[in-house]
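Visitor: got a predicted model here, sequence first, then my questions.
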Amino acid sequence: MNLSDFDYDLPEHLIAQEPVEPRDSSRLMVIDRRTGEIQHRIFRDILEYVQPGDVLVYNTTRVIPARLHAIKSKTGGKVEVLLLRQLGKARWHVLTGGRKVEAGVVLKFTGTNVSCTVMEVLEASERIVEFSEPVNDLLRQLGETPLPPYIHKPLADSERYQTVYSHQEGSAAAPTAGLHFTPELLLALRDHGVQMASCVLHIGLDTFQPVHVERITDHKMHSEHALLTAENARIINEAKLSGRRIFAVGTTSVRTLETAGILSAGGDPSRPQDMGALCPWRPVTAFERDTDLFIYPGYRWRVVDNMITNFHLPKSTLLMMISSFATRELILHAYEVAKQEGYRFFSFGDAMLLL
């Protein structure tokens, strides 16, 4: 399949610039993958689509203040540093914005004694840097919460770009499908008999990098660190074995769960030829490792039964993923309906439930 197969036009006014209040008052498009039926609801109506015993799996990662502003020590030129992933106590994989950020360049952070040195130049604007000291505890002083480039309005409360259940710091972006949940809605789901399970996937580079190749099978996903604990694997396995459904909150939970499924079946998430292999479902095992799983049409789904997601960018790997879960034709039709109905798109936008 080609990149152009996942393109669509979107009027700029449909890109949400701020979240709605309360969180669960966003709109919810419900799609039946078998019949193609589309319903228009409010997010809190999700209670009507889950059954007692179903398992809701969400990603508990938390966004760090990853956008830092620096100047070159020699020239004073401004450089923006976006932390993507910690590699050591003071070593980070980053994106840089600025001219001639070459190996050996020293960057200083305004108002502090902290600096970093560019140790390695990677592809495009990716760099490996070494800070003069560990910065984990200094990030609130040094940095700010990074918002996607299509959001132009400052966020008054940075917690609105965090899920209410976030607690494990490490992401450069929020798992935005989870932004719609409130503590009250989570309690209502529990009272309804829905089980809760969690995973962790720290969101990194691919959130910010577009797909550049025309043949999508040539695209290489960057790896992101993921974790599924033994307790959460047990909850998922007991539900699957008893015929109950797994609702994944967002594409990051999907990637974690499906990585677990592939590993349990003896496959390799980084090898596309393993994705379509026919195999019976096997209980997932706990894991902690990097995953570069790229899901696109033709993928053999192993764990996820239903998916909660937002509306994604054209030509994005996330649009390819949900086109695999349903069909490309159904998803692109649903997006056209969403445009006609005035749904709000992307990170602060409305939600979709794929049944």
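Guide: Okay, I see it. All values derive from a computational prediction rather than experimental measurement.
Visitor: domain ranges for this protein?
Guide: For the chain, the structural domains run 3-63+157-354, 67-144, going by automatic domain parsing.
Visitor: give me the element Tyr58 is part of.
Guide: Using DSSP states H and E, Tyr58 falls within strand 55-59.
Visitor: just to revisit the earlier point, ranking the domains of the chain by burial, who's on top?
Guide: Most buried of these, by mean neighbour count (mean count of other CB atoms under 10 Å): domain 3-63+157-354, with a mean of 18. Glycine gets a C-beta too; all of them are placed from N, C-alpha and C.
Visitor: before we move on, back to that, so which elements touch the strand holding Tyr58?
Guide: Using 3 or more CB pairs under 8 Å, 6 or more residues apart in numbering; DSSP states H and E, the elements in contact with strand 55-59 are strand 195-201, helix 230-241, strand 246-249, helix 250-264.
Visitor: how about 10 Å then?
Guide: helix 183-191, strand 195-201, strand 224-228, helix 230-241, strand 246-249, helix 250-264, strand 306-310 (3 or more CB pairs under 10 Å, 6 or more residues apart in numbering; DSSP states H and E).
Visitor: mind putting the domains of the chain into a markdown table with mean pLDDT?
Guide: As requested, the domains of the chain are exported to a markdown table (pLDDT from 0 to 100):
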| stretch | mean pLDDT |
| --- | --- |
| domain 3-63+157-354 | 94 |
| domain 67-144 | 93 |
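Visitor: CSV for those, including distance to Tyr150?
Guide: Formatted as CSV, these follow (distance: least, CB to CB, whole Å):
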stretch, distance to Tyr150
domain 3-63+157-354, 5
domain 67-144, 15
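Visitor: tell me which of these lies nearest to Ile151.
Guide: Within the domains of the chain, the stretch nearest Ile151 is domain 3-63+157-354; the backing value is 5.9 Å (CB to CB).
Visitor: quick one: classify the residue sitting furthest away from the middle of the chain as helix, strand or coil.
Guide: Distance from the C-alpha centroid of the chain peaks at Lys74, with 37.2 Å (CA atoms, centre = their mean). Recorded secondary structure, Lys74: coil (DSSP: H, G, I helix; E, B strand; the rest coil).
Visitor: for it, give its distance to Leu107.
Guide: 10 Å (CB to CB, to the nearest Å).
Visitor: out of the helices and strands packed on strand 55-59, nearest to Thr176?
Guide: Here strand 306-310 is closest among these (CB to CB), at 5.3 Å.
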